[in-house]
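Student: Model the structure of this input:
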Amino acid sequence: QVQLVESGGGLVQAGGSLRLSCAASGRTFGSYGAGWFRQAPGKEREFVASISSSGGSTSYADSVKGRFTVSRDNAKNTMSLRMSSLKSEDTAVYYCAAQRSVDGTEYKYWGQGTQVTVSS
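Tutor: Next up, the predicted model:
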């Protein structure tokens with residue numbers, strides 16, 4: 001069993017930066033890929049970024065590529081999302097997800113989310 005707790009969300013002006021953190025409990029966190037997703041009001045949840053179990057491979061949605069950076073520290077059971085050059089369209093609830101399936105399409109564990117609001 002893995003429990004995930006996100007933190008670091010808040011209100012930021014357009015062009016600003018935020019760093020989200022995801023703290024994981026459980027011994028399996030470091031053995032699987034993990035990711036970040038977001039859901040804006042009235043929209044479906046969408047993929048933001050993912051990272052392999054070792055942290056050596058990352059992937060990003062086109063909308064955040066070059067602005068967001070995902071990283072992880074398996075020794076501390078944490079994952080982070082560094083967000084810069086934020087835009088109003090980045091406003092959403094951000095979720096971390098863990099234990100990615102082999103084909104990369106599913107995640108077994110999800111956090112409760114943290115709100116990010118970007119004011120223009």
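Student: just the strands in this structure please.
Tutor: Taking DSSP state E as the criterion, the chain carries its strands at 3-7, 10-13, 18-25, 34-39, 46-51, 58-60, 68-73, 78-83, 92-100, 107-110, 114-119.
Student: distance of the residue minimising distance to the centre of the chain from residue 59?
Tutor: Central residue of the chain (Cα atoms, centre = their mean): residue 36, 2.5 Å from the mean position. Remark: distance between residue 36 and residue 59 (Cβ to Cβ, to the nearest Å) = 11 Å. (Each C-beta comes from the backbone N, C-alpha and C, glycine too.)
Student: check contacts around residue 48.
Tutor: Contacts for residue 48 (Cβ atoms under 8 Å, 6 or more residues apart in numbering) come out as 35-38, 60-61, 64, 68, 81, 94.
Student: If we use 7 Å, what do you get?
Tutor: Counting by Cβ atoms under 7 Å, 6 or more residues apart in numbering, residue 48 makes contact with 36-38, 61, 64, 68.
Student: Just the local confidence number for the residue lying closest to the residue nearest to the centre of the chain once chain neighbours are set aside, please.
Tutor: Distances taken as Cβ to Cβ, 6 or more residues apart in numbering place residue 48 nearest to residue 36, at 4.3 Å, with adjacent residues excluded. Note on residue 48: pLDDT of 98.
Student: isn't residue 68 right up against residue 60?
Tutor: Yes: proximity of residue 68 to residue 60 meets the contact threshold set by Cβ atoms under 7 Å, at 6.3 Å.
Student: Which neighbours do these two have in common?
Tutor: By Cβ under 7 Å, 6+ apart, residue 68 and residue 60 have these common neighbours: residue 49.
Student: okay, these two: which has more neighbours?
Tutor: residue 68 (22 against 18; other Cβ atoms under 10 Å).
Student: what sits opposite the closest residue to that one other than its chain neighbours in the beta ladder?
Tutor: Among residues not flanking residue 68 along the chain, residue 83 sits closest, at 5.1 Å (Cβ to Cβ, 6+ apart). Under DSSP bridges, the beta-bridge partners of residue 83 are residue 18, residue 68.
Student: Residue 83: how many residues sit nearby?
Tutor: 26.
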